[in-house]
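Enquirer: after the sequence you'll find the predicted model.
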Amino acid sequence: MSGIDDEAAWAALRERMVRDQLEARGVADGRVLDAMRRVPRHRFLPERVREEAYGDHPVSIGEGQTISQPFIVAEMTALALTATPPLRRALDVGTGSGYQAAVLAACGFEVVSVERRERLAERARATLAELGYRVEVRVGDGSLGCPDAAPFCAIVVGAAAPSVPAALAGQLRPGGVLVVPVGSRGLQELTVVRRTEDGFAHERAGGCVFVPLVGEQGWPER
Ligand code: SAH
């Protein structure tokens, strides 16, 4: 499968990914399916692993980090879209490759994305700009959110926290949704926190495995 440089061939792989990995498993939100049909996932991967872009698994993007499996990106995006409209600004914590941020942007969110590793942030910024996605990529500790850009309609965290980061929940607007994997370093539960008029409601959305969120409201570095 090496040597695929033809966008039509990539698009065919992408179409198959949407059908077999997303629709077949019950992802029904047309906004998510359309976005994931359009965003060229392979462009977010380093050349040497590009041919794995549409596989049913996470892929290494360097520095010990991964781009999430397509299904989990779809699931998190669909949960973000359950925020009460109008949907405006979203925060993506853990930019990594920039793919999740691009999918949120393709769904119509204005996206701010925070990454603690400068090299990943730079690469993601370049990819997003090349493809024309208007995402603001910042370098910093995303476990603290982005107070100056808050409040957010949706916050999607692509790394695992030991507990729900209070700073992030506090940056939701009423009707807003925070989607964050919470658990141990090795195994987590996808947790959904909704801001209501008078507090927060928590739901669980199934098991998952993410790299750790390293920061003040995440795990210590080791
Ligand atoms: N959403 C990404 C995948 C995320 S991998 C994608 O679509 O490719 C998790 C990312 O979170 C890694 O790049 C890691 O460096 C970053 N990260 C971990 N802790 C962080 C923190 N406190 N703030 C910002 N980024 C963090």
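Expert: Yep, that arrived. Quick caveat: nothing in here was measured; it's all calculated off a predicted structure.

Enquirer: got the residues of the protein near the ligand?
Expert: Residues of the chain lying close to the ligand (Cβ under 6 Å from any ligand atom) are 65-68, 93-94, 96-97, 99-100, 114-117, 120, 141-143, 158-159, 211, 213-215, 218. Yep, even glycine has a C-beta here, placed from its N, CA and C like the rest.

Enquirer: in strands, which of the residues you listed fall?
Expert: In strands, defined here by DSSP state E, the members of the residues of the chain next to the ligand are 65-67, 93, 114-115.

Enquirer: low-confidence ranges, the protein, go.
Expert: Low-confidence segments of the chain (pLDDT under 70): 1-5.

Enquirer: and the helices in this protein?
Expert: In the chain, the helices defined using DSSP state H lie at 7-17, 30-38, 70-80, 99-106, 118-131, 166-169.

Enquirer: and the ones in strands among the residues of the chain next to the ligand as a markdown table, adding neighbour count?
Expert: Listed next are these as a markdown table, based on neighbours: other Cβ atoms under 10 Å:
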| residue | neighbour count |
| --- | --- |
| 65 | 18 |
| 66 | 18 |
| 67 | 24 |
| 93 | 30 |
| 114 | 25 |
| 115 | 28 |
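
Enquirer: how far away is the most centrally placed residue in the chain from residue 65?
Expert: For the chain, residue 100 is the residue whose C-alpha lies nearest the centre (Cα atoms, centre = their mean; 3.5 Å). Using Cβ to Cβ, to the nearest Å, we find residue 100 at a distance of 12 Å from residue 65.

Enquirer: in space, what's closest to residue 220 - neighbours in sequence excluded?
Expert: With Cβ to Cβ, 6 or more residues apart in numbering as the criterion, residue 220 has its nearest non-adjacent residue at 7.4 Å, and that residue is residue 214.

Enquirer: about what we covered before: I'd like the ones in strands among the residues of the chain next to the ligand laid out as CSV, including distance to residue 47.
Expert: Shown next, in CSV, are those (distance: Cβ to Cβ, whole Å):
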residue, distance to residue 47
65, 17
66, 17
67, 14
93, 27
114, 26
115, 20
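
Enquirer: of those, which pair is most distant in space?
Expert: Longest distance between any two of those is 17.4 Å, between 66 and 114; criterion Cβ to Cβ.

Enquirer: which one of the ones in strands among the residues of the chain next to the ligand is nearest residue 199?
Expert: Taking Cβ to Cβ as the measure, residue 199 sits nearest to residue 93 out of those, at 22.1 Å.

Enquirer: isn't that closest one right up against residue 157?
Expert: Yes: at 4.3 Å, residue 93 counts as touching residue 157 under the criterion of Cβ atoms under 8 Å.

Enquirer: tell me, what's touching these two both at once?
Expert: 142, 168, 213 (Cβ atoms under 8 Å, 6 or more residues apart in numbering).

Enquirer: so who does residue 216 touch?
Expert: Applying Cβ under 8 Å, 6+ apart to residue 216 gives the contacts 141, 143-144.

Enquirer: got the phi and psi for it?
Expert: Backbone dihedrals for residue 216, given as degrees, to the nearest 10, come out at phi -60, psi -40.

Enquirer: for residue 95, same thing?
Expert: When quoted as degrees, to the nearest 10, the phi and psi of residue 95 stand at phi -60, psi -40.

Enquirer: understood, closing this out.
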